[in-house]
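Participant: kindly generate the corresponding structure for this input.
(chains A, B, C and D)
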Protein chains: 4
Amino acid sequence: MKRIAVFTSGGDAPGMNACIRAAVRGAIYHGLEVYGIRRGYNGMITGDIFPMNSQSVSNIVQRGGTMLKSARSKEFMTPEGRKKAYENLMNAGIEGLVAIGGNGTFTGAEVFYNEYEIPTVGCPGTIDNDLYGTDYTIGFDTAVNTSLEAIDKIRDTADSHDRVFFIEVMGRDSGYIAIQSGIGGGAEIVMVPETHTPLKKVVSTLKDGWSRSKSSSIVVVAEGDEEGHAVDIAEKIKNQVADKLDIRVTTLGHIQRGGTPTAYDRILASRLGLGAVEGLIKGYKNVMAGVVNNEMVYTPFIDTIKKPKPIHDDLLRMVHILSM
Amino acid sequence: MKRIAVFTSGGDAPGMNACIRAAVRGAIYHGLEVYGIRRGYNGMITGDIFPMNSQSVSNIVQRGGTMLKSARSKEFMTPEGRKKAYENLMNAGIEGLVAIGGNGTFTGAEVFYNEYEIPTVGCPGTIDNDLYGTDYTIGFDTAVNTSLEAIDKIRDTADSHDRVFFIEVMGRDSGYIAIQSGIGGGAEIVMVPETHTPLKKVVSTLKDGWSRSKSSSIVVVAEGDEEGHAVDIAEKIKNQVADKLDIRVTTLGHIQRGGTPTAYDRILASRLGLGAVEGLIKGYKNVMAGVVNNEMVYTPFIDTIKKPKPIHDDLLRMVHILSM
Amino acid sequence: MKRIAVFTSGGDAPGMNACIRAAVRGAIYHGLEVYGIRRGYNGMITGDIFPMNSQSVSNIVQRGGTMLKSARSKEFMTPEGRKKAYENLMNAGIEGLVAIGGNGTFTGAEVFYNEYEIPTVGCPGTIDNDLYGTDYTIGFDTAVNTSLEAIDKIRDTADSHDRVFFIEVMGRDSGYIAIQSGIGGGAEIVMVPETHTPLKKVVSTLKDGWSRSKSSSIVVVAEGDEEGHAVDIAEKIKNQVADKLDIRVTTLGHIQRGGTPTAYDRILASRLGLGAVEGLIKGYKNVMAGVVNNEMVYTPFIDTIKKPKPIHDDLLRMVHILSM
Amino acid sequence: MKRIAVFTSGGDAPGMNACIRAAVRGAIYHGLEVYGIRRGYNGMITGDIFPMNSQSVSNIVQRGGTMLKSARSKEFMTPEGRKKAYENLMNAGIEGLVAIGGNGTFTGAEVFYNEYEIPTVGCPGTIDNDLYGTDYTIGFDTAVNTSLEAIDKIRDTADSHDRVFFIEVMGRDSGYIAIQSGIGGGAEIVMVPETHTPLKKVVSTLKDGWSRSKSSSIVVVAEGDEEGHAVDIAEKIKNQVADKLDIRVTTLGHIQRGGTPTAYDRILASRLGLGAVEGLIKGYKNVMAGVVNNEMVYTPFIDTIKKPKPIHDDLLRMVHILSM
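Facilitator: Residues are numbered from 1 along each chain as shown, chains lettered A, B, ... in the order given. Below is the predicted model of the structure:
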């Protein structure tokens, strides 16, 4: 292998730039040439492929977003799109790919390999931490800290006004952000897709708190909770507690995707970017580089996509114990 | 005057604690006794009035929210409510009040004085900066910086995905937060209640940017803009730009009210808390302490409530010039 | 076991409050009574021991420092001091201890047990991450992020002025903070006690960078590096590069110990506080609760104190590869 | 005037990039061509002068440091140096200059004008806020907030260990950073060059606090205090309080210069950058653009350099009143 390319795809996540940097410098360190592709699979199709060197990635380790930009590509889902992508990669002499993204990205790489045999090693870049094969994904720690800062701010107001706040955080299929920012933020209740929290239970917990003269409460809701969005849940229970509790709702939204990455994310991203390049060199293909129990592991895309990643029991039971 | 009381009322704002601290220690410094009242006018009515000393306000200068809590009081709007409040103040021997809040707070104090002749000096505590008689209100600088941090984060994502983001910030009647966070955040457009920005203009500016290959744009919208909420505005123009631009909306919400106050807010709040106490000592009543051109001034409540507070022309025209 | 007590000892670390909270609420959850001891072993000797309940630890999860205060106790090193401590604990009916601190704390607990048979379970509370038996210690992640923010700020100046900055971070015996903040901050060189970086190598790396027209460089130095403090190292090499490089030195100092704990530290601290209480209930004594590979483990104090905790090879070699 | 150039000189300050951006876009808006000069007067001499357009300053409003780099130039102090600078400017067709910096920068511009008649309008870019002719300088608000965050962190440790901390902040000739971060941080004592605080007074204040069982204290010292550096002051008084007080010293150092600029600094910098360009267009020369009482004013360099800028009395007396 002489020349590889790096790209980011799917939703952006803080730390992607640190990962790009590590992949680029890791490749150069190991004697490879390295190219960048802009806007993920889109850029493969349009031929937005360019050579990178050590200085291309100077001074980006601390930046949110992705310098290679990201996009979702409908055309890559068609055989014609993939053919164009293949031809552009051939023209540029690319023999291997480092793909930074999530499930959709890896599915695309898998399909692409089956047709054209260009090997890809993936790096898990998504704030949701919903990928099997790595303890944490790039961007997750930053997103949790961003949510936590928001919860800290909202608690100032909740306490000052004796209010109950429902705060919705990201996580369509996964409660990781909710559970961690909920525990960290001292939330009374955390509602996640992984477990069912009946509304009856929410109401009784809030009333209990009120009867123990807990004047304010925080409920953190993952956007994918089976009871619906935070605003819907608040609406449903409002009547049952309205005589006593003043309820407000806030949806944190896109701020969770951005921002300077935390130390954890920068280091994880650096390890994974380097790990992906070294994986390619060792001959891995269609696997995701991950860090499990502090060691680099490579997991087939098919497993990262299909296998569930449960939340540790310790965390689920802590919410209940600590919110007394 | 021998004994005064301090309270916070209306929406909480970062820096209120620094203001309470300064009022309490300023009072003690000048030989007065000082009490705290919890939950604003509500606490006057329920008699939640308690003596404070220098240590009561230790280690709060950096905290968001208000240690005296805040509430809106319907009962204080009735003569019976105000009678109870008066009796409780008399029982506690309170001869003057420091009221930290906004227009509603000051209106209440004015009415109360007309009936019972207890003098109040107000401190402008509201993130909206919509009070005449002071260059800045307590909490405004923190709210602007909180909004700005959110905009910085969202721009990471906007740039990575070539998107247009509509970001709604607080400001029902005032565009101060929007204009300052918009200029600071490098927004392409800022929509505020003070001026009319036709939707046609919004569309053409976004299209212009696109034609100059500006791939991402930020539009900051004050919640009180005459064209509606950010989500409504985005909906209205979506069809006209949808072929080219990918639009997203975020409403920052309650995070703007909380958080550790900035240096500016802590110092302003400290000056105003001390200034209010010294105003009472000098015999002022029914006025708001403010800092105008770096000097302490006292403005009658009636003016702070009724007089408009326009945004400086320099700021309005800067948005246009700098977003090229 | 009916009644236990919690205390913090040694240098404070962000997250200690979250740990206290979890220990207190965990104890109550499991039907135990729980007391607090102020100022560590000092408070045992002076009898500063008081009952705590669920509300004692409200609204502290986000605060730096320790609400139970900390101190180093010379008197506890004497048999007389420990005798007083024992008597006070007996009078208060304390049957088990949760000790949050580092090596000195655990050594004290071990000696104390050998004399008086009061079981202690420890929680690793130290920013240095130098304790065997846990992947991370409470406060480490926050300290790394604090150092990283400082490095990010200093790089602004280094870049603007084409300077080389030597930045000293904490770590008397351990390079953990240095290596993580160095990798995260994109440092060119990281000097840690665990490996020897000859000054000749430092000079040649800096000169190499300069010859590749790298205009600014960051060198992170752990305070316990064998070549001395950052200021000494800078002094030693100054003459060898002075014609080309403008060198500055900064020592981060005590800011690394304080601040709002990160999500990681709050969650880790919560798990460990709860884990310590559950360890006591299960009959553990003279062990430290730790999280290794995401599972709770209990390690004898003697091992946490004596066994080395090496830095992962991946991290050591990354510095070199990524700083190209 | 058809073509102007912008440069930064002297110590860097957060907000300089926002100022550059406003100068560049303001110039274009008014129909001027605009060039950048790298490394201040050095770049004039070496001819590092290049055309800028609107996109040259995209996405920099939030960045610390200066994209045009800064340097101190010995050669510019010589007639030969200035001759070269003049020739390079002539070759590039530059007819006016926007100089972002402090006293040294403005002195250079004054001398240069007297020889070659190229008009300069300055923007006050220095964290020290020591320039007459503007209420605040670019970078000051950020530096104060950075210092304040550090003080907040250190207080966590001071409180936890019952310690006295001496914290040195920047300010060789000016106590602005010290006084504002000291008031904002709730410091017991603030030592500034503008007033004399006898050591005897420091000792008695600390002892007083101790006798009122104030267990921890913060003393903020401006680096230019007439009693010496923080470390010297602490050394001098140590013996007089050592039986009761545990004293520590921290020097904040270069972190104060860097970091993402605050909203205040971004807006001030934007106004001043635009104001400088509009000043040149109006025919001003050898003046500094400043904002005084919220209005743009132009002050001759000679006044900005020579006239003193006293700290407001309100601030000086507040330290004493609020630290009770």
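
Participant: and the strand or helix carrying A:Asp303, how far from the chain's centre?
Facilitator: According to DSSP states H and E, A:Asp303 maps onto helix A:301-306. Taking C-alpha atoms, centre = their mean, to the nearest Å, the mean C-alpha location of helix A:301-306 is offset from the chain mean by 16 Å.

Participant: and stretch A:299-307, by the same measure?
Facilitator: 16 Å.

Participant: that stretch: which residues count as buried?
Facilitator: A:299-301, A:304-305 (16 or more other C-beta atoms under 10 Å in any protein chain shown). The way it works is simple: take the backbone N, C-alpha and C, and place the C-beta from them, glycine included.

Participant: just send those back as JSON lines, with distance to A:Val164 and pLDDT too.
Facilitator: Below are these laid out as JSON lines (distance: C-beta to C-beta, whole Å; pLDDT from 0 to 100):
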{"residue": "A:Thr299", "distance to A:Val164": "41", "pLDDT": "98"}
{"residue": "A:Pro300", "distance to A:Val164": "45", "pLDDT": "98"}
{"residue": "A:Phe301", "distance to A:Val164": "43", "pLDDT": "97"}
{"residue": "A:Thr304", "distance to A:Val164": "38", "pLDDT": "96"}
{"residue": "A:Ile305", "distance to A:Val164": "38", "pLDDT": "90"}
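
Participant: closest to C:Ile177 among those residues?
Facilitator: Within those, distances to C:Ile177 taken as C-beta to C-beta reach their minimum at A:Thr299, with 30.8 Å.

Participant: would you say the closest one is within a strand?
Facilitator: Yes: counting by DSSP: H, G, I helix; E, B strand; the rest coil, A:Thr299 is found in a strand.

Participant: across the sheet, point out what pairs with it.
Facilitator: Here A:Thr299 sits in beta bridges with A:Met288, going by DSSP bridges.

Participant: which ones are touching it?
Facilitator: Residues near A:Thr299 by C-beta atoms under 8 Å, 6 or more residues apart in numbering or on different chains: A:132-134, A:287-288, A:290.

Participant: again, 6 Å this time
Facilitator: With contact set as C-beta atoms under 6 Å, 6 or more residues apart in numbering or on different chains, A:Thr299 has these partners: A:133, A:287-288, A:290.

Participant: which one of these is nearest to A:Ile45?
Facilitator: A:Met288 (23.0 Å).

Participant: from what I see, the closest one and A:Gly133 are in contact.
Facilitator: Yes: taking C-beta atoms under 6 Å as the definition, A:Met288 is a contact partner of A:Gly133 at 5.2 Å.

Participant: what touches both of those two?
Facilitator: Joint contacts of A:Met288 and A:Gly133 (C-beta under 6 Å, 6+ apart) are A:299, A:304.

Participant: who has more neighbours out of these two?
Facilitator: Between A:Met288 and A:Gly133, A:Met288 has the larger neighbour count (other C-beta atoms under 10 Å in any protein chain shown), namely 34 against 24.

Participant: state the distance from that one to A:Ala99.
Facilitator: Distance from A:Met288 to A:Ala99, counting by C-beta to C-beta, to the nearest Å: 9 Å.

Participant: outside of stretch A:231-246, which residues touch it?
Facilitator: A:163-164, A:166, A:199, A:203, A:206, A:210, A:227, A:247, A:249.

Participant: could the residues you listed be laid out in JSON lines, adding distance to chain C?
Facilitator: JSON lines is the format used below for these (distance: C-beta to the nearest C-beta, whole Å):
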{"residue": "A:Arg163", "distance to chain C": "15"}
{"residue": "A:Val164", "distance to chain C": "15"}
{"residue": "A:Phe166", "distance to chain C": "19"}
{"residue": "A:Leu199", "distance to chain C": "24"}
{"residue": "A:Val203", "distance to chain C": "21"}
{"residue": "A:Leu206", "distance to chain C": "16"}
{"residue": "A:Trp210", "distance to chain C": "14"}
{"residue": "A:Glu227", "distance to chain C": "24"}
{"residue": "A:Ile247", "distance to chain C": "20"}
{"residue": "A:Val249", "distance to chain C": "22"}
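
Participant: right, I'll leave it there.
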